[in-house]
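Asker: Any chance you could fold what I've pasted below:
(chains A and B)
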Number of protein chains: 2
Amino acid sequence: MLKVSARSAAMPASAIRKLVPFSEAAEASGVKVYHLNVGAPDIKSPDCSIEAVKGRTPSLHHISYTNSAGLPELRKAMCEKYYGGLGIEVKLPEILMTVGGSEAFAIAMQIAAGPGEEILVVEPFYTNYQTFAFLNGITLKAVHSDIDDGFRVPDIGEFEKLLSPATRAVMISNPCNPSGKLFTRGEMLSIGEFCKRHDLFLICDEVYREFCYTDEPYFSAMQIPGCEDNVILVDSVSKRYNLCGARIGCIISRNKDVMACAMKFAQSRLCPPVLGQIASIGALDTPQSYFDDVKSEYIRRRDCALRRLNAMPGVFSPVPYGAFYTVARLPVKDAEAFAKWLLTEFRLDNQTVMVTPAASFYKTPGEGKDQVRIAYVLEVPLLEKAMDVLQEALRVYGDF
Amino acid sequence: MLKVSARSAAMPASAIRKLVPFSEAAEASGVKVYHLNVGAPDIKSPDCSIEAVKGRTPSLHHISYTNSAGLPELRKAMCEKYYGGLGIEVKLPEILMTVGGSEAFAIAMQIAAGPGEEILVVEPFYTNYQTFAFLNGITLKAVHSDIDDGFRVPDIGEFEKLLSPATRAVMISNPCNPSGKLFTRGEMLSIGEFCKRHDLFLICDEVYREFCYTDEPYFSAMQIPGCEDNVILVDSVSKRYNLCGARIGCIISRNKDVMACAMKFAQSRLCPPVLGQIASIGALDTPQSYFDDVKSEYIRRRDCALRRLNAMPGVFSPVPYGAFYTVARLPVKDAEAFAKWLLTEFRLDNQTVMVTPAASFYKTPGEGKDQVRIAYVLEVPLLEKAMDVLQEALRVYGDF
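Answerer: Residues are numbered from 1 along each chain as shown, chains lettered A, B, ... in the order given. Here you go, the predicted structure:
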């Protein structure tokens, strides 16, 4: 009988997107759905990125392939304007543009580990790490960070316990999607030292670097001394500038073997999207005031979401210091059933709310079953309404 | 010791692009290099595609994610304007937009076969099929088509011989990159019947469909009767409209399980590039006269390339009826060494030519060692000059 491959059949569906048909059905029936489920910000892309596309398109007679590593003009501008501005030295051969941050971490994982090998991740972690691990026969082993501990990174002893001869890398996202955890300088140094000691790659997904809500300067994996060969940086341009649909990210490493492999992966898909690269070149001229405004706006939204969530009976969410997500424990047994119920049954004044069940962000069985991820990507007045809906839903649901 | 994964280290480098450093060095030293090595046409993108980007960008405040399957507006237009125009009925759930044709065949191969399974391909074939097979633990088994036979598709008996319990699919490109072979209706029906009889998927890469140089109507895999469940169509929008850098392709199947799996792959990389999708929506209004002009231009180029090649002593290239490539046998033992020598040593009036060694398009060891792929993507006067250079180079090289 004709059937799809066992691996593609067993491939996990996106936990973040699998409730989409229910929200579409709700919306089709006229219900207002507040989307707290995806990290798709409503914030304007910087004018200079749009202007770059408008300005350059008329002279484009031909949208041709670029170099597989991306336009040299973009890579150079990334090194000089962006990383240079952060005080991180990146040379041209050390950066390769990718199709969003997604392709960057898919490539990084495959360079670090092969079938049958293992990568340590701090859970909760972005679900698609698991998807790409699955597709490549890589096992993720989770170092557990706990909601009750404010998602504090466990001591290195917890990493040591999971080591095996098949361990090839540690993978983290900083700040973390979904928890909003911002790694401290000390935590980064300690993980770096661990990776160096055990000859492990450190894959650091820093796509939310520009979304940090403390006054301390961000400490990048690229700044860990002596870890030059170990670190593979995963970054996103499109995320940083609210250009998510442009699909431009990059992979950075000072390890020449890593970059040589990355180039082979890059060549196999020819080149990153050109119009997105042009938008990205423009985006690099975004003034600091844009980020300052975005940061203040997210702090307002975070403060609103956290105040409201923690005021609801039985709800707990530790304060996130980065990204635009928070994980909240709800007074429900099965957050996925609750999330589905919100979309299919619950209405308050013909409104409902969409959240992402958090279990899929954990690797340890049973963890996160009563948790949801909330993306605070709505303006405060809308967020307040969404929280009104959620609060009432929890009250009603508790009555079951 | 810290090292990259065995699989990424063993991953083949792009045969098409690995001579690039030598051509860059030649160009840096002031040498004019005629690029017959990549399928990057010099033909203008249609005005309507550029206009769509120009026209829509100013109102784009925000380049956000689209649905993972692509913009519904684009998918709908693809079904109605493009496939409808070809007389091929494609319904909305049967089409999913991808990041170029490259992502479409990578996904199709993974849906059809898993690690340890096999796909039959007609050789010579596009090298990146091998790359994605390698990365996914899939074995490609080659049905050999021979240059001396004009790359005629072998009888089904040759396919039967390669069947094993692990065979899951047949994969072809029509017209074929690199040989320019155009499959006849009879050949397609016979391969379709074979796939049906043995419950195999038929992955058909039709990205060069619009580049056919016969008067007979193109016969698509989608038109094979009774093969609805077997066929997975790989297509490209950006290739068809000389928008290669836009990176938009699609995967089409009437098999619901295939499309459900394709959606899981699509969600794992979030969405196809939005600006490229906008350019593609515009491109669908390209008038037929654009394709007629492109076709006449390629026929002139093909005729020039083939006349010149076959007039060179010891050179043979069968006439291609589609795509913009031809495979030529040269009077050299090792075409890769010759191609490198062209870039590093040979100059005629400070010019040289870049071609792609053809061995990597074959799976059978030793096949194609004296062959090159020539992309006739230059205007006739430049192509004539490139052929002058190649002819003189072969004369000199023969003297070695």
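Asker: For chain B, what's its nearest residue on the stretch 301-400 of chain A.
Answerer: With C-beta to the nearest C-beta as the measure, A:V377 is the residue of the stretch 301-400 of chain A nearest to chain B, at 10.5 Å. Where C-beta positions appear, they are placed from N, C-alpha and C, glycine not excepted.
Asker: if I read this right, that residue contacts A:N37, doesn't it?
Answerer: No - look at A:V377 against A:N37 with C-beta atoms under 8 Å: they stay out of range, at 9.4 Å.
Asker: Give me the more crowded residue out of those two.
Answerer: Using other C-beta atoms under 10 Å in any protein chain shown, the more surrounded residue of A:V377 and A:N37 is A:N37, with 24 against 20.
Asker: list the contacts for the more buried one?
Answerer: By C-beta atoms under 8 Å, 6 or more residues apart in numbering or on different chains, the residues touching A:N37 are A:16, A:19, A:23, A:354-356, A:373, A:375.
Asker: A:A328 should be in a strand, yeah?
Answerer: Yes - under DSSP: H, G, I helix; E, B strand; the rest coil, A:A328 sits within a strand.
Asker: Tell me the buried residues in stretch A:298-313?
Answerer: A:298, A:301-302, A:304-306, A:308-309, A:312 (16 or more other C-beta atoms under 10 Å in any protein chain shown).
Asker: Repeat that for stretch A:268-288.
Answerer: For stretch A:268-288, the neighbour count (16+ other C-beta under 10 Å) marks A:268-284, A:286 as buried.
Asker: neighbours of A:T344, just the number please.
Answerer: 13.
Asker: A:Y321 too?
Answerer: Look at A:Y321: counted by other C-beta under 10 Å, it has 21 neighbours.
Asker: do the one 3 residues further on as well
Answerer: Other residues within reach of A:F324, judged by other C-beta under 10 Å, total 24.
Asker: pretty sure it contacts A:A375?
Answerer: Yes - at 5.9 Å, A:F324 and A:A375 qualify as touching, with contact defined as C-beta under 8 Å.
Asker: what residues do the two have in common as contacts?
Answerer: By C-beta under 8 Å, 6+ apart, A:F324 and A:A375 have these common neighbours: A:G39.
Asker: one step back: cross the contacts of A:N37 against helices and list the overlap.
Answerer: In helices, judged by DSSP state H, the following of those are found: A:S23.
Asker: What is the three-state secondary structure of A:K385?
Answerer: State at A:K385, reduced to three classes by three-state DSSP: helix.
Asker: Next up, the contacts around it.
Answerer: Going by C-beta under 8 Å, 6+ apart, A:K385 touches A:34, A:351.
Asker: Specify the beta-bridge partners of A:T98.
Answerer: A:G249 (DSSP bridges).
Asker: I'd like the distance between the nearest residue to A:G192 once chain neighbours are set aside and chain B.
Answerer: Sequence neighbours aside, A:I224 is the residue nearest to A:G192 in space, at 3.6 Å (criterion: C-beta to C-beta, 6 or more residues apart in numbering or on different chains). Using C-beta to the nearest C-beta, to the nearest Å, A:I224 is found at 14 Å from chain B.
Asker: right, and A:I224 touches A:C204 too?
Answerer: No - counting by C-beta under 8 Å, A:I224 does not reach A:C204; the two are 9.1 Å apart.
Asker: overlap in contacts of the two?
Answerer: In contact with both A:I224 and A:C204: A:V231, using C-beta under 8 Å, 6+ apart.
Asker: So between those two, which is more surrounded?
Answerer: Taking other C-beta under 10 Å, A:I224 and A:C204 do not tie; A:C204 has more neighbours (29 against 22).
Asker: and that one, bridged to which residues?
Answerer: According to DSSP bridges, the residues that bridge with A:C204 are A:I172, A:L233.
Asker: In terms of secondary structure, what does the lowest-mean-pLDDT helix or strand in chain A contact?
Answerer: Here the helix or strand of chain A ranked lowest by mean pLDDT, DSSP states H and E is helix A:47-56, holding a mean of 88. When contacts are defined as 3 or more C-beta pairs under 8 Å, 6 or more residues apart in numbering or on different chains; DSSP states H and E, helix A:47-56 packs onto helix A:274-283.
Asker: which outside residues touch the helix it packs on?
Answerer: Helix A:274-283 is contacted by residues A:45-46, A:48-53, A:55-57, A:63-66, A:70-71, A:73-74, A:77, A:97, A:237-238, A:240-241, A:243, A:246-248, B:53, B:63, B:245-247, B:273-276, B:279 when judged by C-beta under 8 Å, 6+ apart.
Asker: how does it look with 6 Å?
Answerer: Contact with helix A:274-283 is made by A:46, A:48-49, A:51-53, A:56, A:63, A:66, A:71, A:74, A:77, A:237, A:241, A:243, A:246-248, B:245, B:273, B:275-276, as judged by C-beta atoms under 6 Å, 6 or more residues apart in numbering or on different chains.
Asker: Quick check, pLDDT for the residue nearest to A:G192.
Answerer: For A:I224, the model assigns a pLDDT of 98.
Asker: now do A:P21
Answerer: Value for A:P21, per-residue pLDDT: 89.
Asker: Check the gap between it and chain B for me.
Answerer: As judged by C-beta to the nearest C-beta, A:P21 and chain B stand 11 Å apart.
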